[in-house]
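Enquirer: need coordinates for the below:
(2 chains)
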Amino acid sequence: EQLVESGGGGVQPGGSLRLSCTGSGFAFSNFGIHWVRQAPGKGLEWVAVMSYDGSSEFYADSVRGRFTVSRDNSKNTLYLRMNRLRREDTAVYYCARDLPPQDGYGMDVWGQGTTVTVS
Amino acid sequence: QAVVTQEPSLSVSPGGTVTLTCDLSSEAVSIYNYPSWYQQAPGQPPRTLIYTTNTRSSGVPDRFSGSILGRKAALTITGAQTEDECVYYCMLYVGNGISLFGEGTHLTVL
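Expert: Have a look, this model is predicted:
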């Protein structure tokens, strides 16, 4: 069971970037996926979550209206489209698998992260 | 918006017991906040330790346990090992699909 993020890089303030999170070793289409970020030297910040079928999505106040989550279950991939980027969006972005509903709420499998630098 | 608060740092002797706590500014923490705990070593992604208050994730040693103590969620390490020295984050579900992390507790084992 593995998640791999990609798409990070450098971008100017006001620019856009799309991150990808690809799952393998499990039934990707059965699980919700979270995005969590970590600014340099700082703690974890929950960013967003999308349900297993893409029918619902939720965002942190800090990114709502600028970031959009989507998924393509045929490609086992979740996306994070980031628009109007700010310097404070600079962080390592992790995707993490949501727990099955019967297990409650939280994450169990984490990717290694991809770095976004806004400057 | 609600804020999740953790002790910035704690220390424990090898073999000792330590409890980390997780407080929610807006209300007492309950099982409906589904408290979860994550461990992060330097340069590594987080690792899930505990979810839904007190369920250990696969492969997590039983010296780690979760609970609710009074108004807070708690992570207790019984018989701390030197490899437990890292940062611990709690996360709480606060409703409407939103989750919040605490700022993390840096645990020193010495």
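
Enquirer: going forward, measure contacts between C-alpha atoms and count neighbours the same way
Expert: OK.

Enquirer: show me which residues of chain A sit near chain B.
Expert: For chain A, the contact set with chain B under C-alpha under 8 Å from any C-alpha of the partner chain comprises A:42-46, A:48-49, A:57-60, A:94, A:103-113.

Enquirer: let's see 7 Å
Expert: A:43-46, A:58-60, A:104-108, A:110, A:112 (C-alpha under 7 Å from any C-alpha of the partner chain).

Enquirer: who's in contact with A:Asn30?
Expert: Applying C-alpha atoms under 7 Å, 6 or more residues apart in numbering or on different chains to A:Asn30 gives the contacts A:Tyr52.

Enquirer: and if you look at B:Cys90?
Expert: B:Cys90 makes contact with B:Cys22, B:Pro35, B:Ser36, B:Trp37, B:Tyr38, B:Phe101, B:Gly102, according to C-alpha under 7 Å, 6+ apart.

Enquirer: do I have it right that the first one meets B:Lys72?
Expert: Yes. Checked against C-alpha atoms under 7 Å, the pair B:Cys22 and B:Lys72 is within contact range at 5.4 Å.

Enquirer: okay, and the beta partners of the residue nearest to the spatial centre of chain A?
Expert: Per C-alpha atoms, centre = their mean, the C-alpha nearest to the average position across chain A is that of A:Trp35, at 2.8 Å. On the basis of DSSP bridges, A:Trp35 is bridged to A:Ala48, A:Cys95.

Enquirer: didn't it look like it was pressed against A:Val47?
Expert: Yes. With contact taken as C-alpha under 7 Å, A:Trp35 and A:Val47 are classed as touching, separated by 5.3 Å.

Enquirer: quick revisit: export the contacts of B:Cys90 to CSV and tack on distance to chain A, secondary structure and pLDDT?
Expert: Rendered in CSV, the data for the contacts of B:Cys90 read as follows (distance: C-alpha to the nearest C-alpha, whole Å; DSSP: H, G, I helix; E, B strand; the rest coil; pLDDT from 0 to 100):
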residue, distance to chain A, secondary structure, pLDDT
B:Cys22, 14, strand, 98
B:Pro35, 8, coil, 98
B:Ser36, 6, strand, 98
B:Trp37, 9, strand, 98
B:Tyr38, 9, strand, 98
B:Phe101, 6, strand, 98
B:Gly102, 8, coil, 98
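
Enquirer: between those, identify the one with the most neighbours.
Expert: Comparing these on neighbour count, B:Trp37 comes out first with 33 neighbours (neighbours: other C-alpha atoms under 10 Å in any protein chain shown).

Enquirer: contacting residues around that residue?
Expert: For B:Trp37, the contacting residues are B:Thr48, B:Leu49, B:Ile50, B:Tyr51, B:Tyr88, B:Tyr89, B:Cys90, B:Met91, taking C-alpha under 7 Å, 6+ apart as the criterion.

Enquirer: ok, now which ones touch the fourth one?
Expert: Residues in contact with B:Tyr51, defined by C-alpha under 7 Å, 6+ apart, are A:Gly106, B:Tyr34, B:Pro35, B:Ser36, B:Trp37.

Enquirer: show me the contacts for residue 34.
Expert: Just going to use chain A. By C-alpha under 7 Å, 6+ apart, the contact list for A:His34 reads A:Ala48, A:Val49, A:Met50, A:Cys95, A:Ala96, A:Arg97, A:Asp98.

Enquirer: nope, chain B
Expert: With contact taken as C-alpha under 7 Å, 6+ apart, B:Tyr34 is in contact with A:Gly104, A:Tyr105, B:Tyr51, B:Thr52, B:Thr53, B:Leu92, B:Tyr93.
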